[in-house]
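# no sequence on hand, only this structure:
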């Protein structure tokens with residue numbers, strides 16, 4: 001061991017010892033040498049590590065740097081999803097409605113058709129047997145069964161349920177081309193993304209073929225500068241949407257025979273919804289003579305001029321909570337936060353109002369929110385900072401919440417499903433740990449509930465910031481820490 005590294009380890013243990021001496025009498029905190037050594041003997045000992053473990057009474061059993069602010073990545077969803085569940089309740093359902101202004105003359109609707117967005121993130125195939133046109137088919141059928149074959153008017157989408165801010169503060173522009181950084185809008189379809197498939201079936205040096213959902217739509221413009229590489233080379237990915245446009249540059253290098261699937265974001269979500277629905281109508285022989293338009297102004301939907309033609313009622317919220325936590329879906333998280341704000345304040349839903357709800361709920365759960373900095377619902381913002389001691393305390397308090405069973409069920413199970421399906425496969429913690437993963441560049445986190453070897457329930461949080469090692473290596477170290485805690489308690 002080098003002299004420099006030896007000094008670092010000694011210094012780290014010394015400060016850990018001093019901190020434990022200063023707090024052990026008050027909190028009975030035990031700094032496990034197994035945990036400290038696992039961190040400081042790892043190749044990532046120059047990263048910032050934060051660890052805390054409590055029992056069900058809230059007593060701290062293990063602790064390491066847990067009172068400092070860290071970036072939680074998607075571990076923030078533990079807090080925001082709990083607050084949204086408390087606000088909306090597990091049975092909340094979204095109601096997306098289609099209205100008509102006008103009248104039916106023979107087979108022609110004389111007037112406008114309006115779709116009122118209600119913030120439903122699930123207008124896709126996720127909960128409808130992979131039928132991504134499920135809602136569109138319901139609306140189409142409502143028109144077709146009335147005998148409508150032509151709309152002599154406009155197709156209008158109203159997205160006034162949310163504000164007009166498509167992204168939370170602090171999201172990196174590099175993320176905005178991909179499915180995890182899409183726009184947030186009250187009228188959204190297919191998670192506001194097109195699903196691209198690339199087939200490297202040609203000869204080396206040729207351009208691979210592409211297709212995309214929906215309809216190979218010209219709503220987006222792909223610049224396909226991709227190249228087929230020799231079969232034994234690695235896939236080199238490059239996708240970028242020019243900000244403020246629907247032009248998407250493709251410059252990947254794909255091994256011969258390779259098939260790549262990627263969901264890429266679109267610009268102007270409500271217009272994408274309407275454009276796709278118009279094409280769906282045309283495929284079913286309903287012609288639109290007018291334009292597609294977006295209206296962002298609140299309306300009095302009780303006026304007699306608005307005739308309700310159809311309504312789609314979503315699956316209950318508890319199903320969507322699973323999408324947030326098991327699948328760590330940023331789009332669902334942000335959509336649901338704005339929905340909670342709109343419902344609570346009876347106002348236009350915004351991220352800022354949603355964050356105020358989250359902080360109020362955190363206070364009610366005995367969390368000091370003085371230094372809690374939240375800029376989004378999903379934890380992708382670089383400005384979102386929490387103390388792991390607070391996040392961990394929140395998990396303890398959630399055990400007493402009336403919806404805790406639903407909340408806990410929404411978490412991935414180690415080695416079995418969600419974002420933990422491929423982790424802890426050969427670990428004694430397989431099936432005994434339920435936790436929320438988190439990742440953004442330089443941040444890896446895992447918090448949740450586990451059972452020790454003695455059967456004792458534990459509440460844990462392990463967060464690593466500012467690492468330069470591979471994320472798979474950080475995962476290994478975090479799992480080693482939790483396995484030592486499993487055996488010790």
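All right, it came through fine. If you're wondering where the values come from, they're calculated on a predicted model, not measured in any experiment.
# correct me, but residue 74 touches residue 439?
Yes. Contact between residue 74 and residue 439 holds when scored by C-beta atoms under 8 Å: they sit 6.7 Å apart. C-beta here means a position set from N, CA and C on the backbone, and glycine is covered the same way.
# which residues are in contact with both of the two?
Residues touching both residue 74 and residue 439 (C-beta atoms under 8 Å, 6 or more residues apart in numbering) are residue 445.
# all the helices of the protein, residue numbers only.
3-27, 33-40, 76-88, 134-144, 269-283, 317-325, 330-345, 351-364, 388-398, 404-409, 471-488 (DSSP state H).
# ends of stretch 247-267, how far apart?
9 Å (C-alpha to C-alpha, to the nearest Å).
# next one: stretch 305-317
31 Å.
# now stretch 364-380
25 Å.
# per-residue confidence averaged over it?
Average pLDDT, stretch 364-380: 95.
# centre of the chain to that stretch, how far?
Counting by C-alpha atoms, centre = their mean, to the nearest Å, stretch 364-380 is centred 17 Å from the centre of its parent chain.
# can you give me the pLDDT of the residue in the chain sticking out farthest from the centre?
Most distant from the centre of the chain: residue 106, at 46.4 Å, with distances by C-alpha atoms, centre = their mean. We have a pLDDT of 97 for residue 106.
# what angle do the longest strand along the chain and helix 134-144 make?
The residue-count maximum for a strand in the chain (DSSP state E) belongs to strand 95-105. Counting by axes from the mean of the first three to the mean of the last three C-alpha atoms, to 10 degrees, strand 95-105 lies at 20 degrees to helix 134-144.
# against residue 169, how distant is the residue nearest the centre of the chain?
In the chain, the C-alpha nearest the mean C-alpha coordinate belongs to residue 330, at 1.8 Å (C-alpha atoms, centre = their mean). Residue 330 is 14 Å from residue 169, where distance means C-beta to C-beta, to the nearest Å.
# number of nearby residues for the closest residue in space to residue 358 that isn't next to it in sequence?
Among residues not flanking residue 358 along the chain, residue 83 sits closest, at 4.3 Å (C-beta to C-beta, 6 or more residues apart in numbering). Using other C-beta atoms under 10 Å, residue 83 has 25 other residues around it.
# how about the one 4 residues further on?
Close neighbours of residue 87, defined as other C-beta under 10 Å, add up to 21.
# the one 3 residues further on too?
Other residues near residue 90 number 17, with proximity taken as other C-beta under 10 Å.
# which residues does it contact?
Applying C-beta under 8 Å, 6+ apart, the residues near residue 90 are 316-318, 321, 403, 406.
# just to revisit the earlier point, okay, residue 74 and residue 439: which has more neighbours?
residue 74 (27 against 19).
# for residue 143, see how far away that one is.
From residue 74 to residue 143 the distance is 40 Å (C-beta to C-beta).
# return the set of buried residues in stretch 422-433.
Of the residues in stretch 422-433, 423-424, 427, 429, 432-433 count as buried by neighbour count, 16 or more other C-beta atoms under 10 Å.
# of all the residues you listed, which two lie farthest apart?
Farthest apart among these by C-beta to C-beta are 423 and 432. That separation is 12.8 Å.
# list residues touching both of these two?
Joint contacts of residue 423 and residue 432 (C-beta under 8 Å, 6+ apart) are residue 414.
# my guess is residue 291 meets residue 154, correct?
Yes. The pair residue 291 / residue 154 is scored as a contact, 5.2 Å apart, by C-beta under 8 Å.
# neighbour count winner among those two?
Taking neighbours as other C-beta under 10 Å, residue 291 and residue 154 compare with residue 154 leading, 18 against 12.
# quick one: contacts for the closest residue to the more buried one other than its chain neighbours?
Among residues not flanking residue 154 along the chain, residue 290 sits closest, at 3.9 Å (C-beta to C-beta, 6+ apart). Shown in contact with residue 290 (C-beta under 8 Å, 6+ apart): 112, 151-155.
# give me the low-pLDDT residue ranges for the protein?
Along the chain, segments meeting pLDDT under 70 span 1-30.
# burial measure for the closest residue to residue 351 other than its chain neighbours, as a count.
The shortest distance from residue 351 to any non-neighbouring residue, by C-beta to C-beta, 6+ apart, is to residue 168 (4.8 Å). Neighbourhood size, residue 168 [other C-beta under 10 Å]: 26.
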